[in-house]
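Asks: Curious how this folds, go ahead:
(2 chains)
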Amino acid sequence: MSNSPLTPGVVPGRLPADVLAGNFTDHEPPLDGHEARVAADRCYFCHDAPCITACPTSIDIPLFIRQIATGTPDAAARTILSQNILGGMCARVCPTETLCEEACVREAAEGKPVEIGRLQRFATDTLMAKGVHPFARAAATGKRVAVVGAGPAGLACAHRLAMKGHDVVMFDARPKAGGLNEYGIAQYKAVGDFAQDEVDWLLQIGGITVKTRMALGRDVSLAQLQAEYDAVFLGMGLAGVNALRAPGEERVNVRNAVDFIAELRQAKDKSMLPVGRDVVVIGGGMTAVDAAVQSKLLGAENVTIVYRRDQAKMSASGYEQEHATSAGVRIICNAAPVAVHGNGAVAEVEFAYTAEGPDGLKTTGETFRLKADQLYKAIGQTLTGAPEGIALTGGKIAVTGAGRTSVAGIWAGGDCASGGDDLTVTAVAEGRDAAEDIHAALMAART
Amino acid sequence: MADLTSHFIGIKSPNPFWLASAPPTDKEYNVRRAFEAGWGGVVWKTLGSEGPPIVNVNGPRYGAIWGADRRLLGLNNIELITDRPLEVNLAEIRRVKKDYPDRAMIISLMVPCDEESWKDILYRIEDTGADGVELNFGCPHGMAERGMGSAVGQVPEYIEMVTAWVKHYSKMPCIVKLTPNVTSILPPAMAAKRGGADAVSLINTVKSVTNVDLDNFSPFPMIDGKGSHGGYCGPAVKPIALNMVGEIARHDVTRGLPISGIGGVTTWRDAAEFLAMGAGNVQVCTAAMTYGFKIVQEMISGLSQYLDEKHMTLDQLVGRAVPNFVEWQDLNLNYVTKAHIDQDACISCGRCYAACEDTSHQAIDMSPERVFTVKADECVACNLCVNVCPVDNCITMVEMPKGATDPRTGKVVGDYANWTTHPNNPSAQAAE
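Replies: Numbers count the residues shown, from 1 in each chain, chains lettered A, B, ... in the order given. The predicted structure is shown next:
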């Protein structure tokens, strides 16, 4: 193949196969045993440690790091997984720089936090490499729970319920379980088939049946689930994508960033993936960064993220932004799309500069155009197909307490539910806590 | 740059840093490298009697204790005295001393505890050009089982007897190396003095087992499934050594007896502490075995800078802390301090809180915002918070001025008063 980053249009194989393979290996390589010991030695074992408070799943971080330092990474993994059953994936994808590592006192002391995320990966990888599942089920309760959505929230909920002795059936619309872990994570954050491996490992607890290609409202109804199961947990995520609402949005090669990310994750051979010479991504979150960086890694010559507000308001962390710019992505802030130009396919995107005023964000009237063979929309996802009869708030399923919806017997968590930060780790916490609440409710009902 | 020239018991060396008798000084090759690196002197690894050389194990000789980042804190060895022929060692000593006349060359000796053996070895080393001898009454492993090393050092009468023989048969300055494996270091030091020793050197290694192999259930270092005790040295033993050096330096009977300080000297600061505690020079082993001979350059530059900053000569530093090394009963019970936490330096790790709340006096308050403050009415000034704080100088002990009221005891801070006059001391009352 003779394509290069300079080849016009949208073509595959802009980079040699070995370069492509290198581009999609671990963004942060795993620590080896020596590196882990050195990193673990830096932990101060703080009292009531701020990192634990900063972790949405409240992992006892000083304890697991001390367990690594004393040569028992399996025990460390158990400490992690008892709070966060998807601790392996969270070690890879958590924005630790805004969570545990930001809270680390060594960040305050010398601007270099303990490498908590990488240490967590070391511990969980060590245990999972042995194929060991460290939890066992309690005696069967005879209760059955339906979990809709086999993403982080659903998996965490299902695992905790199975551990408590309940039987769980999971329904997921996609061909594979894992949710955004499988379809929504940048390739270089979770290389290989980690998402599926982790699901398989998690299911070793037993008592969980996964039914894929089963969408709520299409293949199964909430009423059916309510009738057949003792409780229902909704964790189906956000399947819809916000529109640009700019003329020309329907042009060819204007796509949702999440679809591109999913396609890239599922592609075994990255050299078959077509990518534009000029790629524009609209949005300010991690989805935008993941789409932009991966376009660059596929060989696009020019990749630009355009965000309508100030850089400080981007939901992608400073670390993520730096990751993007160091990959060669340009970030333009304070510009909103006004039109998508082209003849059939997108050729240019027109933006207007914006300014924050007392009445909110306004365009200044000054515009500019960016060349674009591909335009990715990453301006947020929305809940679609919410079942009738369940109260929503802000476009999401309204929940109180540990994921209780407006309907008795139905819980919800993860991105589809109100509250939370739409992070993998938050979803895990919500799924886990809902499971505890479901368990309490089912046991109370039994007595 | 301060002049570091040392005249320890009349032996001149360009600096007070000697390498102790140990593996680094076992042969010509190493000692030449040491002198090239800048060491002021060496105590050649212990020589034994003429005859078949002693034999070492062929498995591991060392065990270790590590701190964070595998920093070596303590080293334990089961190596014996030199296992090379006596004549080879003597020829090498002769050659090296000839090429480095300005460096101190001391020969460590260990022979059976009879007069003939000592007379013979002293005769054999006479023409090597060495500056002095060090009597190894310290090694606690292997040789001790054969009635040498610490087996001698643990019996003051033997120390005195052998020292006297050495002084009788040799004109060379004689240093007696003491073992810390005794209840009190004073009787051995006094015995050395009585025997006519020119100096004592201490400490030799501490009897020890560093760890146990939890797969084979053997002490380490493990030789074919078995382990025996070794001698412990390195930074971990420095506090033991400093105390023993200070005890000899301050005691009426041993005061003035020159001391060569040994035990965990790793940096210039350690060396300065030994000197202040009464040592006339220091000997180093583990630090060199950990980092190589080059460390002496830091020791030289550091001690020089310190002396310059203090406007002190080397001699003025020696023993400077000895008058302040007192018995507990002489400490001022009216000296009241309180911990103070520098909030700007604090990184909110909470280790001071955990230590104080769980194991001490519940004298640190933790706010919901993780601000840690000292409760002066509970603080006994134990210093544990200072010691566990990872930030240097974040927590300090602040002295309460005379006349102030200690909020913990309600008592006014008064003049110096110690236990000997304290009303709670039954002996004090009886004395009145």
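Asks: Just say helix, strand or coil for the residue nearest to A:Gly299 when sequence neighbours are not counted.
Replies: Of all residues not flanking A:Gly299 in the chain, A:Arg14 sits nearest, at 2.7 Å (Cβ to Cβ, 6 or more residues apart in numbering or on different chains). C-beta here means a position set from N, CA and C on the backbone, and glycine is covered the same way. Secondary structure, DSSP: H, G, I helix; E, B strand; the rest coil: A:Arg14 is coil.
Asks: A:Arg14 against A:Ser2, yeah?
Replies: No - judged on Cβ atoms under 8 Å, A:Arg14 makes no contact with A:Ser2 at a distance of 10.3 Å.
Asks: who has more neighbours, those two?
Replies: A:Arg14 (23 against 5; other Cβ atoms under 10 Å in any protein chain shown).
Asks: show me the contacts for that one.
Replies: A:Asn3, A:Ser4, A:Pro5, A:Thr7, A:Val275, A:Arg277, A:Leu298, A:Gly299, A:Ala300 (Cβ atoms under 8 Å, 6 or more residues apart in numbering or on different chains).
Asks: Can you pull the phi/psi pair for it?
Replies: Backbone torsions for A:Arg14, taken as degrees, to the nearest 10, come to phi -70, psi -20.
Asks: Quick one: neighbours of the residue in the stretch 201-350 of chain B positioned nearest to chain A, just the number.
Replies: Of all residues in the stretch 201-350 of chain B, B:Gly350 sits closest to chain A, at 3.2 Å by Cβ to the nearest Cβ. For B:Gly350, the neighbour count with other Cβ under 10 Å is 22.
Asks: Now for it: which residues touch it?
Replies: So B:Gly350 contacts A:Cys46, A:His47, A:Asp48, A:Ala49, B:Met366, B:Arg370, B:Phe372 (Cβ under 8 Å, 6+ apart).
Asks: Got a quick ChimeraX command for the buried subset of the residues you listed?
Replies: Buried residues within those, by 16 or more other Cβ atoms under 10 Å in any protein chain shown, are selected in ChimeraX with:
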select /A:46,47,49 /B:366,370,372
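Asks: Same list (the contacts of B:Gly350) but as TSV, adding distance to A:Arg144.
Replies: Formatted as TSV, these follow (distance: Cβ to Cβ, whole Å):
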residue	distance to A:Arg144
A:Cys46	43
A:His47	43
A:Asp48	39
A:Ala49	39
B:Met366	46
B:Arg370	45
B:Phe372	50
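Asks: Tell me which entries of the contacts of B:Gly350 lie within helices.
Replies: With helices taken from DSSP state H, there is no overlap with those.
Asks: for the contacts of B:Gly350, which one is nearest A:Lys112?
Replies: A:Cys46 (15.6 Å; Cβ to Cβ).
Asks: Contact residues of chain B facing chain A?
Replies: For chain B, the contact set with chain A under Cβ under 8 Å from any Cβ of the partner chain comprises B:68-70, B:347-351, B:353-354, B:366, B:370, B:390-391.
Asks: again, 6 Å this time
Replies: Within chain B, the positions adjacent to chain A are B:Ala68, B:Asp69, B:Ile347, B:Ser348, B:Cys349, B:Gly350, B:Tyr353, B:Ala354, B:Pro390 by Cβ under 6 Å from any Cβ of the partner chain.
Asks: Please spell out the ChimeraX selection for the buried subset of these.
Replies: Per 16+ other Cβ under 10 Å, the buried members of the residues of chain B next to chain A correspond to this ChimeraX selection:
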select /B:347,348,349,350,353,354
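Asks: Sort out for me which of the residues of chain B next to chain A are in strands.
Replies: Among the residues of chain B next to chain A, no residue falls in strands (DSSP state E).
Asks: Find the pair from the residues of chain B next to chain A with maximum spatial separation.
Replies: The distance between the two most remote of these (Cβ to Cβ) is 25.3 Å, for B:Asp69 and B:Tyr353.
Asks: Quick check, pLDDT for the one residue in chain A that gets nearest to chain B.
Replies: For chain A and chain B, the shortest gap (Cβ to the nearest Cβ) falls at A:His47, measuring 3.2 Å. Looking at A:His47, its pLDDT stands at 96.
Asks: what's the closest non-adjacent residue to it?
Replies: Spatial nearest neighbour of A:His47, chain neighbours left out: B:Gly350 (3.2 Å); criterion: Cβ to Cβ, 6+ apart.
Asks: Any stretches of the chain with poor pLDDT?
Replies: No chain in the question, so chain A it is. Flagging of chain A using pLDDT under 70 yields the residue ranges A:1, A:447.
Asks: um, chain B though
Replies: Looking at chain B by pLDDT under 70, you get B:429-432.
Asks: domain ranges for it?
Replies: Following automatic domain parsing, chain B resolves into domains at B:6-324, B:332-416.
Asks: For A:His166, which of these is the nearest?
Replies: Counting by Cβ to Cβ, A:His166 lies closest to domain B:332-416 out of the domains of chain B; the figure is 37.2 Å.
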